[in-house]
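Chemist: the following comprises the amino acid sequence and a computationally predicted model.
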Amino acid sequence: MALPFSYICDLLEALYNQCIAGKHALTCETIRRWFHHHRQVIESLDSHNGAALLSTLLPARRTDRVYAIQAHRLEKIFARSQRLGASRISELHRYRVPGSGVDLADCIFAILKVTPNPTHHVTILEIDNLLNAVAAAIAFSSPAVRSAGGTISDSHRNGLESVYMRLTPLEAKWFTRLVLKDFRPIEIDEAVVLQSYHPVLPCIMKVLDHFCPAVALLERASKSSEQVGAVQGLSRRAILQHLKPTLGTKVGRPFWRKGRSIKHCLDIGHGRMSVEKKIDGEYCQVHVDLSLGRNCIQIFSKSGKDSTADRSRLHRTIRESLDIGQSTCKITKGCILEGELVVYSDYERKVLPFHKIRNHVTRSGRYMNSEMDSPPRAYEHLMIIYYDVLLVDDESLLGVRHSERFERLKRTIVTRQGHAEIVDRHVIDLGTHRAASDLRNLFAKAILAREEGLVLKPDDPFINLDRPGDFCGSPIKLKKEYIGNFGDVGDFAVVGARYDPSKAKCYQIPGLEWTHFYIACATSKGELYAAGVVPEFTVVAVVELNETMLKTVVTHSQPFAVSARDNHTLKLTIPTGLAQGKCPSIIFTRPLVFDIRCFSFDKEGNVDFYTPRFPAVSKVHFDRDYRSAMTFPELQELAAKATMEKPWEDRDSQELLGWLAALEGADPRGIAVDRVTQQTASTAPTPSPRPGRANSERPLSVVPSSAGSRKGSSQVSYRSAPMSTPPTSLPVGPPSSQQAPDTTLLVENAKDHLLDAKTPLPHQTGRNILSLGENHSPSQSKSQLSSPRSFKAPSARVIQSPPTTTTPSPRLDQVPPQSPLATASLCPIAGSNCQLHNRPILLSPSIAARNDITKTMLPRHGINSYITDHVSWDPENVDRPDTWKICLVDMDDRERTLGFLAGIEGRPLKTKRGREYIEIYDWRVLESVRDVEEGGQGLEGFDPFRRWFVGLV
């Protein structure tokens, strides 16, 4: 039994009327009621009719079918089918008039209402077969669709004309929108349609991401069940037992979420997360079927299109990465891999920007929009960066945890620098107290390296078919442009606009004449003020507005709009790649001003300069003059700085500190999530302080000297912090034996857990030095995978705090001669207020051997003596053992540091209350304290001891 096309049109018309009436909340319920009403007919459909039904309701899902028919061409096809005269053709052209509020489908509906066609019965299968035949003649359709045969011929145009002659006005209206793949303003929820067709279909589509094989699986399951043909009655388990990845059919991608701040990532994530670089390339899902011989590789793009032929330059790299044809090949039948395609330069030894890809990858056999690009160099080639494996031979890995899949990937792939690699990653446990700080540091590092961002993947199965509605396995994209105003670029002049009839229907604004706006930059600011000179503007992007902003612009702006042919006020340069055949129909002789944000910058096809990438309007300014907007040279200078690669070398830079401070401020209420956690934790009962320690061990926080108290003085003041809240700077002291963490030093495993050489981590009291996280670098040979991102870095801020009185730190008692400590002199800048004043210092052997530290840095803080053996701090050797003990190490010298700390653990300091603890810091804390004391180098929310804290031992 076939489903009439009129049934679909009735549903779409009902949804359209609800949208026009503003009843968007009724859309899902209307779809469910329609499926329920036609349930008997739908259950009787075979797989071809079922796929046709879904393809008709969700035409944008059929990326494999390209019709190459736009509104102008479809208008001519309809006019021929109806033998329209000049007067009726002018009525058909009414949708082109700005402000008409109608599209081509509305015009066709109006014409057929006056002169309707004879009544005919048209089914969805007829419509689907016709569209499939049209797509088969187009080179941009997938190979599977094109294999149906055909080239562009009159028969296909005649097919469209014959269908128009058989349709009712309502059917012709929605057939027009179906061909154009544009149902706007209707927004149909794909999940609701799939769920309404069959409850298990959403799960099937996650594995078989195409209507035809997914519906065919339902049909096969129905035939093998006891209730033959009763598809709705099939048990979930009976269907899912047939479900597994299939070579040649794209596996669906999980739902990706966006991280809006560090705290937001912690809120929506859970457990152990794999933090990976977000590679700025093109997604590849690689299917390898060894039974096909030489043509064993098939590559799908993100949209689901078969891009195997277009990415032929990558085939050899894939074969070599899998050792295909070699005895060392790890697969016997086939596999499905996920990765990112990029361009690598052997000369520069780095991944090139995203726009370089179009010189190496064709689109249906043609190089698109690359006429203005320089030809690819001999040392440039395609590279693939793998990050997941979904199938190996007949074993599905969709139900396997991410950590296990990643290990399987490393065993399967043979890496080669610059050709095939595995993505670098770190593992962070979001359940630990240091998770926020670790993630923040990794993110700041990615920003500073001009990378696109991070991807956080939970240690979950790729797809959980038992819980299809939750976010199991959903990765989190973390880009700086998702956070606050980090993506703001500046003000741009709006020099023109054009009208799109389909887009205009999405706005409830009567008589709307502008839907797309052209933002531009003046070539020279001097021309804007020169009398008698026509200023020249270069269009850099085309943007749209949300309905609220657009209503404001239409109501309050006065841009003095004229038609393009009547413009004599502005000289516009519109690159071919940006125009795409659609130039502005209206020119604003008095340009508007929009505040633009974007995701860095890129060189669009057939555009020989940098333009904002994914621009969006954040504000509309009526109080600013277009002459104060950004000029073209300023935009190019900003883009050059943003895209200039900055290797991760200076980890102690002020720019890094600025980004760390900005990321902390981006958390709710401007308070870092880990700081809130520390303050919240302090409300729990805490053990009483040891006798005689309340004053000497009170933490110190850095504040600037009052401007009125010491004019012209650079000395930094310090004040005592209350004991009710654990400090965010210096620690209260070693934990009591009852609360002491297990600090057993496992020398054999410690190498995998030591802190990365120079990565600053926030202070965490009571943290084991060996529990600092796992850093994985799976590639056997690594390359710089940095891709230009980031274009506006926050400036370093001087600490601002209310004026306070200076409270000198209490001195520690002198220790016996055999344990010399620093008391000989004062810090030349902060004096007795220096945070390191009178502190017992233990140096590791590698630090003690450095004259620049022992003879220069330590004396700068008034430290002229130190110890190299912690036994000198034994309670029997000092009068007051309860002191804050500091050990300085070099985290670059990992092996020697490991042995030194193992020696301390082997001879622990003990008191009547249990073990004593020594706090370990990287030696760079000396430099950071010096910067703070000299003034102007500190950042609010940071202190040196929190940044360079390593752990306890």
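Modeler: Done, it's in.

Chemist: three-state assignment of residue 7?
Modeler: Under the three-state scheme (DSSP: H, G, I helix; E, B strand; the rest coil), residue 7 adopts helix.

Chemist: now it: closest residue in space that isn't a chain neighbour?
Modeler: Nearest residue to residue 7, sequence neighbours excluded (Cβ to Cβ, 6 or more residues apart in numbering): residue 38, at 6.2 Å. Glycine gets a C-beta too; all of them are placed from N, C-alpha and C.

Chemist: relative to residue 657, how far out is that neighbour?
Modeler: 63 Å (Cβ to Cβ, to the nearest Å).

Chemist: in this protein, what helix or strand scores lowest on average pLDDT?
Modeler: strand 700-703 (a mean of 32; mean pLDDT, DSSP states H and E).

Chemist: run the chain-centre distance for the helix or strand containing residue 899.
Modeler: Following DSSP states H and E, one finds residue 899 within helix 894-906. The chain centroid and the centroid of helix 894-906 are separated by 40 Å under Cα atoms, centre = their mean, to the nearest Å.

Chemist: and that helix, what does it pack onto?
Modeler: helix 747-750, helix 845-848, strand 886-889 (3 or more Cβ pairs under 8 Å, 6 or more residues apart in numbering; DSSP states H and E).

Chemist: and it, C-alpha only, in CSV?
Modeler: Output in CSV follows, covering the C-alpha atoms of helix 894-906 (Å, rounded to 0.1, in the frame of the first residue of the first chain):
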residue,chain,number,x,y,z
ARG,A,894,62.0,14.4,36.2
GLU,A,895,64.2,11.4,36.9
ARG,A,896,66.3,13.1,39.5
THR,A,897,63.3,14.7,41.1
LEU,A,898,61.6,11.4,41.4
GLY,A,899,64.6,9.8,43.1
PHE,A,900,64.9,12.8,45.5
LEU,A,901,61.3,12.6,46.5
ALA,A,902,61.5,8.9,46.9
GLY,A,903,64.4,9.4,49.4
ILE,A,904,62.2,11.8,51.4
GLU,A,905,59.4,9.3,51.5
GLY,A,906,61.8,6.6,52.6
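
Chemist: ranges for the helices of the stretch 51-200 of the chain?
Modeler: 71-82, 86-92, 104-114, 124-136, 143-146, 154-164, 169-179, 190-197 (DSSP state H, counting those that start in this stretch).

Chemist: so which of those is nearest residue 906?
Modeler: Smallest distance to residue 906 across these (Cβ to Cβ): 59.4 Å, for helix 190-197.

Chemist: which residues touch the following helix or strand past that closest one?
Modeler: Following helix 190-197 in sequence order, the next helix or strand is helix 201-207 (DSSP H and E). For helix 201-207, the external contacting residues (Cβ atoms under 8 Å, 6 or more residues apart in numbering) are 191, 194-195, 214-215, 217-218, 239-240, 243-245, 251-252, 254, 398, 463, 465, 468.

Chemist: I figured residue 88 hits residue 111, correct?
Modeler: Yes: using Cβ atoms under 8 Å, residue 88 is in contact with residue 111, at 6.1 Å.

Chemist: domain assignment for this structure?
Modeler: Annotated domains of the chain cover 5-197, 488-625, 692-952 [automatic domain parsing].

Chemist: now the second one: mean pLDDT?
Modeler: To tie it back to what came earlier, the one meant is domain 488-625. Throughout domain 488-625, pLDDT has a mean value of 92.
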